[in-house]
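here is a sequence with its predicted model. Questions after.
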Amino acid sequence: MAVLSQFNRGGLKVFIDHGEGLMTCYAHLAKSIVQPGDELERGQAIAISGYSGLDAAVTFPFGVPHVHFNVWLNGEPVDPFAHQEHTGLWIAGELPAPATDSKSSFTPSIYNPSQVQQAIGYCKTPWVREQLLQQQDLHLRGAHTIIEMNYYPTRFTNRVNVYDKTYPRTPRFDLPFSSSEFQQVVFLDDVLPSLIRKN
């Protein structure tokens, strides 16, 4: 798990490694309530939502607090919802829901040292490349390389899967808050027709 604050790229962000090549990012936060390296329970709250970063500065006072949610599988951005031939990544099924218990099986992501090194070698920005190489722990170096490749893709001449293999797309995560604090997920395109009919 990592916590980063980058004004020009999503403000305060929490990154969670769900194991087996799956990583999520929560951006524009007001405050992180977890620390780098924490092991999290299923459904555990991780942050207080807010509106940090460049977006907040540009749209103030008209912007509203929100969370940008990113999902990366094998280092690549993916849609966590089921569609076409793709399996959804939510344990609850098609729509996300909080965990109903704290039990989970966690299989760590395994990074391939030579693949991580190759990915860093593709970085065109010397100070970023040096920053990545200074990470002594392979897991942190691999995770930060994925973060850089996804937030600053033009800094890399090529993309590399930094894991030991290509991990399958399987349901593995829940919403990060308790079920007592959650009503349901609705999509605007599902609600909009009924709102139009009422008016």
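Happy to help now that I have it.

other SSEs contacting the biggest strand by length in the chain?
Longest strand in the chain, counting residues (DSSP state E): strand 22-32. If contacts are counted by 3 or more C-beta pairs under 8 Å, 6 or more residues apart in numbering; DSSP states H and E, strand 22-32 sits against strand 11-19, strand 47-49, strand 68-73, helix 138-151. Backbone N, C-alpha and C define where each C-beta goes, glycine included.

could you dump the ones you listed to a markdown table with mean pLDDT, distance to residue 92 and mean neighbour count?
Converted to a markdown table, the helices and strands packed on strand 22-32 look like this (pLDDT from 0 to 100; distance: least, C-beta to C-beta, whole Å; neighbours: other C-beta atoms under 10 Å):
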| stretch | mean pLDDT | distance to residue 92 | mean neighbour count |
| --- | --- | --- | --- |
| strand 11-19 | 92 | 15 | 21 |
| strand 47-49 | 90 | 21 | 15 |
| strand 68-73 | 94 | 15 | 18 |
| helix 138-151 | 95 | 26 | 21 |
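
of those, give the one that comes closest to residue 177.
strand 47-49 (10.1 Å; C-beta to C-beta).

excluding chain neighbours, what is closest to residue 181?
Using C-beta to C-beta, 6 or more residues apart in numbering and skipping the chain neighbours, the partner closest in space to residue 181 is residue 98 (7.5 Å).

wait, what's in contact with that neighbour?
When contacts are counted by C-beta atoms under 8 Å, 6 or more residues apart in numbering, residue 98 touches 43, 174, 175, 176, 177, 178, 179, 181, 182.

same question, residue 132
With C-beta under 8 Å, 6+ apart, residue 132 has these contacts: 120, 123, 141, 144, 145, 148.

hmm, try it at 10 Å
116-117, 119-120, 123, 125, 140-142, 144-145, 147-148 (C-beta atoms under 10 Å, 6 or more residues apart in numbering).

and for residue 161?
21, 73, 74, 75, 76, 112, 115, 119, 146, 167.

what does residue 23 give?
1-2, 15-17, 70-75, 109, 142-143, 146-147, 150.

burial count for residue 111?
21 (other C-beta atoms under 10 Å).

make that residue 103, sorry
With other C-beta under 10 Å as criterion, residue 103 counts 8.

how does this protein divide into domains?
Listed domain ranges for the chain are 1-106+167-190, 110-166 (source: automatic domain parsing).

ranking those by mean pLDDT, which is last?
Lowest mean pLDDT within the domains of the chain: domain 1-106+167-190, a mean of 85.
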